[in-house]
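1. Next comes the sequence, and after it the predicted model I'd like to discuss.
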Amino acid sequence: MGKIARSQIVGMNFHYLHYPLEYFLDAMVRYHFEKIELWGAAPHFYVEDDTLGDMRRKKREIDQRGVSVVCFTPEQCMYPINLAAKESHIRERSVRYFRKSLEACVELEAPMMLVTAGWGYRNEPSEEAWERALHSLQQLAVDAEKHGICLVLEPLTRVESNLVCDRATLVKMLTAIDSPAVKGMIDTIPLALAGEQMESYFEQLQDDLAHIHFVDGNPGGHLAWGDGTLPLEQYIHTLTQYGYRGALSLEFTAMQYVVDPDQAIEKSLRHLQPYLA
């Protein structure tokens, strides 16, 4: 059995949302994380509220702890953000939001920013929403190229979106966007819910697979490792088989962890330990 590098395991702040940003950052130091993925939402880091001065102060807090931001993930499922929205004012506001987020990436020195395709109304032809999402993402790709930022496009679950929800639709959208600044990624929860295999993403995307959200589930749930039933050993085998050296972010979105977020980190690290080099 091959092993993954400890430095590939990346902490994320979603389940620390009931604690200050500084508390999360101190936890990352305590658990020896070298990199973090920063979820962009209040109260930690929200681009619609934070001034340039706020962003730079928070970057100093990150730097002082010796960690770096590998990916910035602006909130886009809970807030009124939708790159495929039928209403032009929502769609245009969403593009502006992501442009601000790209500027935040520059301040954070984050090489990647996570985006999703949004969703269309369930009672309209999905092709119409697809075209709106494509147009929005193509606009953002141009900006990402200018900033030297990689956009990582995340498939969502079929409950969250009716556009990019699996490998086939991810590849279709990446091909249509046709930009070197836009890559694909895996989240193990949509992957498992769709009944897909991690190998198929590596086989088809190859170098265009840039990022992974690496969590347990039943198969849903975004759980700490050990709280679900996903095949950890099989995933580790695939990651080492294909020589993946990128980030594996612990994105715990289940609300059961918000009271004691450290517990989810500790439990996951215990389950991952046998597979870490």
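-> Sure, I can see it.

2. Phi first, then psi, for the spatially most central residue of the chain.
-> Central residue of the chain (Cα atoms, centre = their mean): Leu114, 5.1 Å from the mean position. Main-chain dihedrals, Leu114, degrees, to the nearest 10: phi -80, psi 130.

3. which residues does it contact?
-> Applying Cβ atoms under 8 Å, 6 or more residues apart in numbering, we find Leu114 in contact with Glu37, Cys71, Phe72, Thr73, Pro74, Leu151, Val152, Glu154, Met185, His211. C-beta here means a position set from N, CA and C on the backbone, and glycine is covered the same way.

4. next one: Pro155
-> So Pro155 contacts Val164, Cys165, Asp166, Arg167, Thr169, Leu170, Met185, Ile186, Asp187, Pro190, Leu191, Ala194 (Cβ under 8 Å, 6+ apart).

5. burial measure for the last one, as a count.
-> If you count neighbours by other Cβ atoms under 10 Å, Ala194 ends up with 17.

6. what's the neighbour count on the residue lying closest to Val258 once chain neighbours are set aside?
-> Taking Cβ to Cβ, 6 or more residues apart in numbering, and ignoring the residues beside it in sequence, Val258 has His18 as its nearest neighbour in space, at 4.9 Å. His18 has 12 neighbouring residues, counting by other Cβ under 10 Å.

7. ditto for Leu209
-> Residues within reach of Leu209, counting by other Cβ under 10 Å, total 21.

8. so it makes contact with Ser200?
-> No - assessed by Cβ atoms under 8 Å, Leu209 is found out of contact with Ser200, at 10.7 Å.

9. Now the residue nearest to Val258, what are its backbone angles?
-> phi -90, psi 10.

10. In this structure it contacts Val259, no?
-> Yes - using Cβ under 8 Å, His18 is in contact with Val259, at 7.3 Å.

11. Return the subset of the contacts of Pro155 lying in strands.
-> Among these, the members found in strands (DSSP state E) are Met185, Ile186, Asp187.
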